[in-house]
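J.: I need the structure of the sequence given here:
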Amino acid sequence: MTSRVEGKVVIATGVGTSIGRATARCLAAEGVIVTVTDLNVKAGKAVVDELGRSVIFVRQYNRMSRVFDFSLQTIN
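T.: Residues are numbered from 1 along each chain as shown. The predicted model follows:
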C-alpha cells in the first residue's frame, strides 16, 4: 500500500535540531522527497547523509522562495 504523501515534495526547515530532524525522518520514511534547510550547514548535511537519496539539502536563505526554486530545479 502506498502512502498518501509518497512522491510529494516537502520543505522541512530547522532540520539540524530535534523536531526538524524528526520531521524529515518521518517524511522520508513515507516516501516523500524532502528538501531540508538549516542555518547550520554541517547539521543539515548530516541529515542528508543519514536519510539518503530522497533528501536534498539547501542552505537556509533569508527568502523561502529561493529554497522553493532550488528544490524544483533539483528535482526536475
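
J.: what about the spatially closest residue to residue 70 that is not a sequence neighbour, how many neighbours?
T.: Nearest residue to residue 70, sequence neighbours excluded (C-beta to C-beta, 6 or more residues apart in numbering): residue 58, at 5.1 Å. C-beta here means a position set from N, CA and C on the backbone, and glycine is covered the same way. Residue neighbour count, defined by other C-beta atoms under 10 Å, stands at 19 for residue 58.

J.: ok, now residue 22?
T.: 12.

J.: how about stretch 44-55 as PDB, C-alpha atoms only?
T.: Only the C-alpha atoms of stretch 44-55 are listed here, as PDB (Å, rounded to 0.1, in the frame of the first residue of the first chain):
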ATOM      1  CA  GLY A  44      21.800  19.900   7.600                       C
ATOM      2  CA  LYS A  45      24.200  17.900   5.600                       C
ATOM      3  CA  ALA A  46      24.300  15.300   8.300                       C
ATOM      4  CA  VAL A  47      20.600  14.800   7.900                       C
ATOM      5  CA  VAL A  48      21.100  14.200   4.100                       C
ATOM      6  CA  ASP A  49      23.900  11.700   4.900                       C
ATOM      7  CA  GLU A  50      21.600   9.900   7.400                       C
ATOM      8  CA  LEU A  51      18.400   9.800   5.200                       C
ATOM      9  CA  GLY A  52      19.900   9.300   1.800                       C
ATOM     10  CA  ARG A  53      18.700   9.900  -1.700                       C
ATOM     11  CA  SER A  54      15.200  11.200  -1.000                       C
ATOM     12  CA  VAL A  55      16.600  14.200   0.900                       C
END
